[in-house]
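Participant: Build me a structure from this.
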Amino acid sequence: MSDHMFMLESHLNVQQMAALLSVQAAANDAGLSIYLTGAALRDMLGGFQIRDLDFTVEGNAAAFAKTLPKKLGAELVSIDPKRNLAELILPKHVTIRIGMSRKEVYGKPASKAQISPAPIHDDLLCRDFTINAIAMSLNKQSLGLYVDPSNGIGDMQNKELRIVGKYSLYDDPARILRLFRYRVRMGFTLSEKTQNQYSNVRELKLESKISNEAIGKEFRAIAAEANSADIVKLLDEEKLLSLFCPALTGAKVNHAGLQKLQRVRTNVPPELDFPVDNLPLFLAVLGEKLAPRDRSALAKICGLTRAEVAAWGKLEAGAKKLERDLKAGTLNKPSKVFAAASKGTGEQILFVLYRSEARLVQDRLKNHLQKYLMVQHEMTDEEIAEGVGAAKPGTPKYEKACIAVLHKKLDARPKKIVVEVPPPGPVLSAPIVASARR
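Facilitator: Numbering: from 1, shown residues only. The predicted model follows:
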């Protein structure tokens, strides 16, 4: 295994590594050249947590993706026929995207791209920023080798955001929104070339040509960011926030609420598998100061689906019910608090932490996130095997037995630490030293 592959493995969790190896093996069996690209590689090289796995294949990515659900136990979520791009979700909330290696040509600024298949080198040279234009080979003959035609690795080391081509921001003005999202997340500065092109794009008012589809995609990405409040603040300063909704200006932007939500999110230990639907949570806080008609405009511009709008509308009611349950006086054991909190979704739990003024509820939820879920996370296979007996994994009986083991562990009294004190030995008299005063 190359040093690069070892570095990659050290940044992936068990489920992500299993998914990568499965996709790699399937591509090799199909005779497709495959590369790890985009966000996963960028986050690995930057020392950030890897969220999603992006693969690029030199061939028909959509057709290849359709062969994977049975092999990986995955769900094929969407296929973009224009870009030959597919998205799948695997168990344990692992998201993978598989795209065709392609070349994009724009006839004029902010126009639709002409897309055609191309080698990986050409694909990378058509990307937005150099830090996203790096690939790692997953092919047998070149396993672990980087393809980096625009020196993105150097820009990662210099902590600099640099566009790949001469017209990157002109071609796709939606990239200016992504630019500030990366700037906040990674703490990078803009290169002089990037800053100049950004200024020219704004002078030409090309941001007005960003499609609603692109605006909605970027809005969802911002909602998922840990530092979403800082991104909103920066976009507001750049007078770009109104792209998502004309009313998002001045006092109607809930900066204080978003900053509070950003702090609330830090209560979740990063190593936990704690799924959260970030979009309704972000919408609920961002929209607190907006009138109903403005919230409708936001949903329309961002292309929110009926399901997304419904989740936004139901979040507060679900959170209020969870808060009532957590106030109950019968929750006199950690296992009972765990059981009550576990009935809420991730976004409901965080919204209660954001909104509730009850100290008891706050303390119980923080214990749930920082103590009880960590106990569950750290349970060993031996502890589980001893408690479940002959129950088979995946069955309701097995799941019930696992919960019983966890409850017992949560309610167990901490063992007393006995410190053995050695018996007293003979007392040795210390020599007497007389001090003379002068």
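Participant: Find the centremost residue of this structure, please.
Facilitator: Against the mean C-alpha coordinate of the chain, by Cα atoms, centre = their mean, the closest residue is residue 51 at 4.7 Å.
Participant: and it, helix, strand or coil?
Facilitator: coil (DSSP: H, G, I helix; E, B strand; the rest coil).
Participant: likewise residue 103?
Facilitator: strand.
Participant: Could I get the phi/psi values of the residue lying closest to it once chain neighbours are set aside?
Facilitator: Computed as Cβ to Cβ, 6 or more residues apart in numbering, the closest residue to residue 103 that is not its neighbour in sequence is residue 118, at 3.7 Å. For every residue, glycine as well, the C-beta is placed using N, CA and C. Note on residue 118: its backbone torsions stand at phi -160, psi 160 [degrees, to the nearest 10].
Participant: Tell me the pLDDT of residue 118.
Facilitator: As predicted, residue 118 sits at a pLDDT of 96.
Participant: repeat for residue 435
Facilitator: 43.
Participant: OK, contacts around the residue nearest to the centre of the chain?
Facilitator: Contact analysis of residue 51 by Cβ atoms under 8 Å, 6 or more residues apart in numbering lists 39, 43, 95.
Participant: nearest to residue 180, of those?
Facilitator: Nearest to residue 180 among the contacts of residue 51: residue 39, at 16.5 Å, using Cβ to Cβ.
Participant: Need the three-state assignment for that closest one.
Facilitator: Classified using three-state DSSP, residue 39 is helix.
Participant: Next one: it from residue 178, what distance?
Facilitator: Remark: distance between residue 39 and residue 178 (Cβ to Cβ, to the nearest Å) = 11 Å.
Participant: So for those two, which residue has more residues nearby?
Facilitator: Taking other Cβ atoms under 10 Å, residue 39 and residue 178 do not tie; residue 178 has more neighbours (20 against 17).
Participant: can you tell me how far that one sits from residue 405?
Facilitator: Distance from residue 178 to residue 405, by Cβ to Cβ: 45 Å.
Participant: likewise residue 202?
Facilitator: 58 Å.
Participant: for residue 397, same thing?
Facilitator: For residue 397, the distance to residue 405 - Cβ to Cβ - is 13 Å.
Participant: higher neighbour count, these two?
Facilitator: Set residue 397 next to residue 405 and count neighbours by other Cβ under 10 Å: residue 405 wins out with 18 against 13.
Participant: buried ones in stretch 170-187?
Facilitator: Neighbour counts over stretch 170-187 (16 or more other Cβ atoms under 10 Å) mark 170-186 as buried.
Participant: typo on my end, stretch 389-402
Facilitator: Those would be 391, 398, 401, 402, for stretch 389-402 by 16+ other Cβ under 10 Å.
Participant: Equivalent analysis for stretch 104-114, please.
Facilitator: 104, 106, 110, 113.
Participant: can you count the residues close to residue 47?
Facilitator: 9.
Participant: let's number from 890 now, not from 1
Facilitator: Sure, I'll start counting at 890 from here, so that last one is residue 936.
Participant: separation between it and residue 897?
Facilitator: 13 Å.
Participant: what do you get for residue 991?
Facilitator: 24 Å.
Participant: any idea where the strands of this protein begin and end?
Facilitator: 923-926, 942-946, 964-969, 974-979, 983-989, 991-995, 1002-1006, 1024-1026, 1035-1036, 1049-1050, 1078-1079 (DSSP state E).
Participant: Name the stretch among the ones you listed that sits most buried.
Facilitator: strand 923-926 (a mean of 25; mean count of other Cβ atoms under 10 Å).
Participant: who does it pair up with?
Facilitator: Neighbouring strands of strand 923-926 in its sheet, by DSSP bridges, are strand 942-946 (antiparallel), strand 1024-1026 (antiparallel).
Participant: Contacts for the last one next, please.
Facilitator: If I follow you right, that is strand 1024-1026. 893, 897, 924-926, 930, 945, 1009, 1013, 1032-1037.
Participant: again, 6 Å this time
Facilitator: Contact partners of strand 1024-1026, identified using Cβ atoms under 6 Å, 6 or more residues apart in numbering, comprise 924, 925, 926, 930, 1009, 1034, 1035, 1036.
Participant: Quick check: which of the residues you listed has the minimum pLDDT.
Facilitator: Scoring these by pLDDT puts residue 930 last, at 89.
Participant: just for the stretch 890-1039 of the chain, where's the confidence low?
Facilitator: Across the stretch 890-1039 of the chain, the ranges flagged by pLDDT under 70 are 890-891.
Participant: let's see 90
Facilitator: Across the stretch 890-1039 of the chain, the ranges flagged by pLDDT under 90 are 890-905, 927-930, 932-941, 959-962, 971, 979-983, 996, 998-999, 1001.
Participant: Now the lengthiest helix in the chain: buried residues?
Facilitator: When the chain is parsed with DSSP state H, its longest helix is helix 1195-1215. Residues 1197, 1198, 1200, 1201, 1204, 1207, 1208, 1211, 1212, 1214, 1215 are the ones in helix 1195-1215 that count as buried (16+ other Cβ under 10 Å).
Participant: With distance to residue 1053 and pLDDT as added columns, please give the residues you listed in JSON lines.
Facilitator: Listed next are the buried residues of helix 1195-1215 as JSON lines, based on distance: Cβ to Cβ, whole Å; pLDDT from 0 to 100:
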{"residue": "1197", "distance to residue 1053": "32", "pLDDT": "97"}
{"residue": "1198", "distance to residue 1053": "36", "pLDDT": "97"}
{"residue": "1200", "distance to residue 1053": "36", "pLDDT": "97"}
{"residue": "1201", "distance to residue 1053": "36", "pLDDT": "97"}
{"residue": "1204", "distance to residue 1053": "39", "pLDDT": "97"}
{"residue": "1207", "distance to residue 1053": "43", "pLDDT": "97"}
{"residue": "1208", "distance to residue 1053": "43", "pLDDT": "97"}
{"residue": "1211", "distance to residue 1053": "46", "pLDDT": "97"}
{"residue": "1212", "distance to residue 1053": "48", "pLDDT": "97"}
{"residue": "1214", "distance to residue 1053": "51", "pLDDT": "97"}
{"residue": "1215", "distance to residue 1053": "50", "pLDDT": "97"}
